[in-house]
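Undergrad: give me a model of this one.
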Amino acid sequence: MATRILPSHPSALPRTHDPNNNGSGCSRSNNLPVRRKAEDHPVLALLDDHRRLDADGIRRIHARMLRLGLLGHPYSASRLLAACSLSPSADLRYARRVFDHIPAPNLFTWNIIIRAHASAPDPRLALLLFSSLLRHSPHSPDKFTFPFAIKAAAELAALREGAALHAMVAKSPLLRSDVFVLNSLVHLYAACGDSNLSLRVFEKIPERDVVSWNSAITALAQGGRWDEALQLFEEMDGENVRPNDVTMVSVASVCGKKGDLELGKRIHSYIERNDIKQSLILDNALLDMFVKCGSLADAESLFDGMTTKDSISWTTMLVGYAKSGQFDAARRVFDEMPRRDIASWNALISCYEQSGRPKEALDLFHESQHADATPDQVTLVAALSACSQSGALELGCWIHAYMEKNNLELNFHLTTSLIDMYSKCGDVDKALHVFGCVSRRDVFVWSAMIAGLAMHGRGREALDLFEQMQEAKVEPNTVTFTNILCACSHAGLVEEGRLYFSQMLPVYGISPTADHYSCMVDILGRAGRLEEARGYVENMPMPPGASAWGALLGACAVHKNVELGELACKQLLELEPRNHGAYVILSNLYARSGRWDAVAMLRKWMKDSSLKKEAGCSSIEVHGVVHEFLVGDISHPMKEKIYLQLEDMASRLKAAGYVPNRKLVLQDIEDDAKEKALYLHSEKLAIAFGLLRSCSPAPIRITKNLRVCDDCHSVAKLVSGIYNRNIILRDRYRFHHFTGGSCSCMDYW
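TA: Sure thing, here's the model as predicted:
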């Protein structure tokens, strides 16, 4: 039978019934000679280097101390507790049992157990122990107790509990002047996001040490008060308080956030000139500073000279390369990393996703799975976003199933990402299902669902959901109203759009932004009210941006208003001279109006200016694999079968009375060549591939990077009826659901 080291309950400990019993359960006369003091016992020497002891070693020493009756002595008990609590192999549950069996713990013992729990993953226990000290102990907390308790409150960002501790400190003349206690309060308020209170405490410290200054500088830096943080650093230098590596980490962080490379170089020079210890944390902070300031050359020089690197060092360089567009270099750094943790995988996946390279992001996500890297919330959010961009519904469903299988909590961020993914991958009903399954919804969850309904043309449902949001007492924000106005735009709800726009400031206290004005221009422009739309542009309370002029230009192209379209294009190009999309829209407008000389002149100007039209790209997911097609693409392994399918489509379409819209081909070529050019559009190639590889009744889901052209829209409608297949096509602006020869947009797009 195993020997029980600890009794099951403190009451099981023998007390002082026997005059020869010392209260530890062992006879003084048999086990501990009176002449030997407990603190001198050689067993305690085994605890001198407790940082080298493992858990089994500590338990063996504990057993010997029990047999020798040493645990009835406060000093020896505290030595054992320190070993249990503060060694690298600390087991806080075991330490707590040791503490609970100490007959009358002194304040030093209380401080040890509170200190240990303040640094634990769950610091709440430190605050509970502090409360227990106040209620059940004859001892009062001292200048050592309070910093540990305040640290726990800081780790939890528990402002109320921290303020209560501060109030206790303020009642004691000794505590309220103690630099260690006050430093911990400065840090507490910084952790709680209140830099004003941090500074007020800092100003009351009678003799500030470097920790005081560091805490105050960090508080200002974390509070976004960067210039004040730098000013405080200068004051620190002026008072001859020597900064250390912790100081410079905060200062370097401020330089990085400001993006001030010149200042960053001066700080780096200051560190070298003053021989400040170059710790790994400081090197990483400087590395991050140079990356954020856009100086990869300085970052590379520092990185190459670092004698010690950790995963943060490697990941910082990786992010620097990726954000500057040097993805090959980023991948090289990733491949050279000695050890990759999930943060490393997340960094590169997120960089690909945020740079509009969803295919690479998803490929890397697959790699991470094969490498047995367990995804966390950051991984899943990035992967879901990449699925949203590429229309990878099957993979998005797999990620959702993974989350359910592993019982991952659907917090606001993950819920929003799932709703966004399902909506953008064409399954808005599944998005509604996710929305309905969560009991707690913040404004971002509501806004994401409204956006999903809007992009699918279900404007009335979006407005109904907005009413439900208000009934749930969730306050809308600017994003909510952008989505509401988009819903009105896609559904042709002009008067409803006017109403919500007019209510933003007086009813909801939200001032319309340039984006909201652009939405109104789009609502009116789509409805053909071009002069009214122009009035919104010209009467905006802020200078109209590219989105407003772009919306007006697009409306002019649809309604063939050349004069106003030229004006809108001119204004747009003044803001964005290299906007090739504006030239293309104007060229289309000229073509629709039969002004081929203007088309030719515009195309020549674009060629001379080295402006290239963005290539149309359509992607389709089949069996979890995303396939991409460009115009006239012949790179796909199944190209022969795809083009045979195109011929079959052309034959059936012609029999159904389809006539290609040759006006969309802005080239001076024969009609037959124009028809052939239209058949090579990426949407049609993706549809042909979908007919070949996907099985009915599964819909064919296609994602287009640009606005779908009129001819492809007409073809998709006819194909859905001829082949009896549902086609869901997402372009840059909205979703089109083609069923039985018609589209959900009702040709209002």
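Undergrad: what ranges do the strands span in the stretch 351-500 of the chain?
TA: Assigned by DSSP state E, counting those that start in this stretch, the strands in the stretch 351-500 of the chain number zero.
Undergrad: same question for the stretch 101-250 of the chain.
TA: Counting by DSSP E, counting those that start in this stretch, the stretch 101-250 of the chain contains no strands.
Undergrad: what does the stretch 551-700 of the chain give?
TA: Under DSSP E, counting those that start in this stretch, the stretch 551-700 of the chain gives strands at 617-622, 625-630, 700-704.
Undergrad: what residues does the next helix or strand after the last one touch?
TA: When you say that, I think you mean strand 700-704. Downstream of strand 700-704, the next assigned helix or strand under DSSP states H and E is helix 710-722. Residues from elsewhere that reach helix 710-722, judged by C-beta atoms under 8 Å, 6 or more residues apart in numbering: 649, 652-653, 656, 658, 660-661, 664, 678, 681, 683-684, 687, 691, 708, 725-727, 729, 736, 738-743, 747, 749. The C-beta positions use only the backbone N, C-alpha and C, and glycine is treated the same way.
Undergrad: for this protein, give the helix that spans the most residues.
TA: Ordering each helix of the chain by length in residues (DSSP state H) puts helix 639-655 first.
Undergrad: picking up where we left off before, which of the strands of the stretch 551-700 of the chain sits most buried?
TA: Stretch with highest mean neighbour count among the strands of the stretch 551-700 of the chain: strand 700-704 (a mean of 27; mean count of other C-beta atoms under 10 Å).
Undergrad: give me the helices and strands touching that strand, please.
TA: strand 617-622, helix 682-693, strand 727-730 (3 or more C-beta pairs under 8 Å, 6 or more residues apart in numbering; DSSP states H and E).
Undergrad: before we move on, back to that, need the strands of the stretch 551-700 of the chain in JSON lines with mean pLDDT and distance to Val186, can you?
TA: Compiled in JSON lines, the strands of the stretch 551-700 of the chain are given as follows (pLDDT from 0 to 100; distance: least, C-beta to C-beta, whole Å):
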{"stretch": "strand 617-622", "mean pLDDT": "92", "distance to Val186": "53"}
{"stretch": "strand 625-630", "mean pLDDT": "91", "distance to Val186": "52"}
{"stretch": "strand 700-704", "mean pLDDT": "92", "distance to Val186": "52"}
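Undergrad: closest one to Ala90 among those?
TA: strand 625-630 (48.2 Å; C-beta to C-beta).
Undergrad: which neighbours does the closest one have in its sheet, and in what orientation?
TA: Strand pairing for strand 625-630, determined by DSSP bridges: strand 617-622 (antiparallel).
Undergrad: got a list of contacts for the strand it pairs with?
TA: 390-395, 626-630, 682-683, 685-686, 689-690, 693-694, 700-706.
Undergrad: sec struct for His736, please.
TA: strand (DSSP: H, G, I helix; E, B strand; the rest coil).
Undergrad: residues near the closest residue to it other than its chain neighbours, how many?
TA: Nearest in space to His736, with sequence neighbours left out and distances taken as C-beta to C-beta, 6 or more residues apart in numbering, is Leu729 at 4.6 Å. Residue neighbour count, defined by other C-beta atoms under 10 Å, stands at 27 for Leu729.
Undergrad: likewise for Leu573?
TA: Leu573 has 17 nearby residues by other C-beta under 10 Å.
Undergrad: could you do Tyr402 as well?
TA: Neighbour tally, Tyr402, other C-beta under 10 Å: 14.
Undergrad: just Ser324 next, same as before
TA: 13.
Undergrad: where do the helices of the stretch 251-400 of the chain begin and end?
TA: 261-273, 280-292, 296-305, 311-323, 327-336, 342-354, 358-370, 377-390, 393-405 (DSSP state H, counting those that start in this stretch).
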